[in-house]
Structure formats: C-alpha cells, structure tokens
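> prediction below, plus the sequence it came from.
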Amino acid sequence: MEKQLLSIGQMSKMNHVSISALRLYDEMGLLKPIYVDSQTNYRYYDINQNARLNMIQYMKELGMNLKEIKETLDQKDLNLIEAILIRKKEQTEKEIEDLKLKRSALKRTIYSMERYRKSPKDGTITLEYINTRRIYSMYTPINFYDYDIETYESILNDLKNTLIDHQLPQIYYCNAGTLLKKNDFIHQHYESHNIFIFVDDYFPLQKDVIQIENGMYACIYIDDFNKEKEYAKKLLEYCIEKNYTITGNCICEVLYEMNIFEEGRRSMFFRLQVPVSF
C-alpha cells in the first residue's frame, strides 16, 4: 500500500502549528519534510513525523528555545535533556517569584490609591487601629530633619541604590517611611537617621526585616513635606490632651505619591503616627 504523504498545510492543520513554524523547523534542521517536490518546492510529511513534532512542541511548552531543542535532539543525550530541564525549572521558579512580587506591588499600589482617596483631609487627627507591619530599614548619617526636600531626595536615592546593590526588587521603593524615636518625639527633638520601606511575605531578606506591632495609633494626615515638624507638635499636644501614653516610635508613612501629576517635585501624602495606650 502506497504511503499517503501530508502537505505542509495538512501537517500544519493536523498538529495546530503554523506553516511558517514548519518552514522554520525545516530551515533549522529540527523537522525536515520527508519529500520536497523538485519542481514546485512543495514540502510533504509522513504522519509518523508527528511524534518528532510533538516532542518539539512539548519542549517549547517546557520553556526551551529552538536552539536548545535542536542541540538536545541532535545529541540524543538524556543527561543533557535533564540538565536543560533543571535549568528551565529554576528559571521558571524565579519568574514565578518575580510575578508574585509584581502582583503584590500592584495590590499595594491599588490599596494606596484607594486609601488616599478615602483618607481625611490635611491636618486631621484620628485614633486608629493599625495591623502588624514589617519594614526593611536603612541607616543614614544625615539627619534629614536638618535639611530640605532635596536632601530627602538624595537619601531616597541612597535607599534605592541599596536595594539595587542587594539585588532587591525596586517595586518596594515607593513604600517608604521614616522613624523618629519615642523620646525624641516626646521632647520634640527632631533627629532621625532611619529610612525604611514596608515589605511583605515575598521580600527576599526576611532575616533583616523588623516587625512593627499592631495596636492603637494617634495619627495626623499631612499633604506637604515641610509641615511634618508643625504637625508632629500638634499630634503630641493631642496625645497629652487625651491623656494618652506614647508607647513607641513615631512613624512618618508615605501613604501615596502623586508624582503622576507633578513634574517639578515629589508630591506626597503622609500619615504621621505614634502608638498609644490609654
């Protein structure tokens, strides 16, 4: 019985692969047609070649590129196949972790925008319960309270460079904050050498992460970098008036950056907060 050959179109339709892909496989020597008409240059395939094509498609699904597939199939070496697959597995796991980081960053950004839209106006003082948070902190020799926003920009850039040096994702960079020690806040002594970023479960350096306990916080909302000292004083006066006890460090948290609308300078909305007990 004469064998029935498949045209390139039939081979394409049968295996759900494009004609251009089959031509490329032919040029690379991955899958050559069993017969080429010398007059028309039409390519024809044997149905038994489906097995080779299936293997090529399977390897592509595993993340291997055509060059790797060609090398693997040419050498017919199981050890080589295993080594390439192990490497692809590691790459895939890294991609999954990167996607988790991006998803987490997107969720935080959406949450920040929603929180900004629903936050009280500038100068509003509130008493709020805040959940446990974790931060990655960086020491800076500069007391940024002694300088203007340009110096703060420089410190932020140092923080970004620290993330880059440690090969940490820069997606955390926008969730920054600063710390003022408890006694310095109580005595209105403005000296801070700690800038930090809020982090999540996917942050790579978990061993360097510091936990901020949950609890009740006296908060004041700020829409201008230059108002922090003035509003910190108002927040302290509020705590004294209400007979609250300051139980921890003062945190200046950037709730949202509105740089999408500002070109000349960083535009931020803050929540200054101190943990209190009654």
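Great, that's in hand. Numbering: from 1, shown residues only.
> what bits of the stretch 51-200 of the chain have low per-residue confidence?
169, 171, 173-174 (pLDDT under 70).
> show me how far stretch 177-184 is from its chain's centre.
Relative to the centre of its chain, stretch 177-184 is centred 27 Å away, using C-alpha atoms, centre = their mean, to the nearest Å.
> over to stretch 82-92?
Remark: stretch 82-92 is offset 23 Å from the chain centroid, using C-alpha atoms, centre = their mean.
> can I get the CA coordinates of that stretch in PDB?
Extracted C-alpha coordinates of stretch 82-92, given in PDB (Å, rounded to 0.1, in the frame of the first residue of the first chain):
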ATOM      1  CA  GLU A  82      17.800  16.600  32.200                       C
ATOM      2  CA  ALA A  83      20.300  19.400  32.700                       C
ATOM      3  CA  ILE A  84      18.400  21.800  30.500                       C
ATOM      4  CA  LEU A  85      15.100  21.000  32.100                       C
ATOM      5  CA  ILE A  86      16.600  21.600  35.600                       C
ATOM      6  CA  ARG A  87      17.900  24.900  34.400                       C
ATOM      7  CA  LYS A  88      14.400  25.800  33.000                       C
ATOM      8  CA  LYS A  89      12.800  24.700  36.200                       C
ATOM      9  CA  GLU A  90      15.000  27.100  38.200                       C
ATOM     10  CA  GLN A  91      14.300  29.900  35.700                       C
ATOM     11  CA  THR A  92      10.500  29.200  35.900                       C
END
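> and that stretch, which residues are buried?
By neighbour count with 16 or more other C-beta atoms under 10 Å, stretch 82-92 contains the buried residues 84-85, 88. Where C-beta positions appear, they are placed from N, C-alpha and C, glycine not excepted.
> just the ones of those in strands?
Among the buried residues of stretch 82-92, no member falls in strands (criterion: DSSP state E).
> domain ranges for the chain?
5-76, 104-277 (the TED database).
> chain center to stretch 211-218: distance?
Distance, centroid of stretch 211-218 to centroid of chain: 25 Å (C-alpha atoms, centre = their mean).
> which residues of this structure fall in helices?
8-15, 19-28, 50-61, 66-75, 78-118, 149-165, 182-186, 228-241 (DSSP state H).
> I'd like those helices written out as TSV, with distance to residue 247 added.
Below are the helices of the chain laid out as TSV (distance: least, C-beta to C-beta, whole Å):
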stretch	distance to residue 247
helix 8-15	68
helix 19-28	66
helix 50-61	56
helix 66-75	59
helix 78-118	24
helix 149-165	27
helix 182-186	8
helix 228-241	10
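> so for residue 270, which of the ones you listed sits nearest?
Among the helices of the chain, the nearest to residue 270 by C-beta to C-beta is helix 228-241 (7.1 Å).
> how about the closest one: buried residues?
Neighbour-count burial for helix 228-241 [16+ other C-beta under 10 Å]: 228, 231-232, 235-236, 238-239.
> what pairs with the strand of greatest length in the chain, parallel or antiparallel?
Ranked by number of residues, the top strand in the chain under DSSP E is strand 268-277. Its sheet considered, strand 268-277 pairs with strand 215-222 (antiparallel), strand 245-246 (antiparallel), strand 250-257 (antiparallel) by DSSP bridges.
> quick one: closest of those strands to residue 8.
Here strand 250-257 is closest among the strands paired with strand 268-277 (C-beta to C-beta), at 55.4 Å.
> report the inter-axis angle for the closest one versus helix 149-165.
80 degrees (axes from the mean of the first three to the mean of the last three C-alpha atoms, to 10 degrees).
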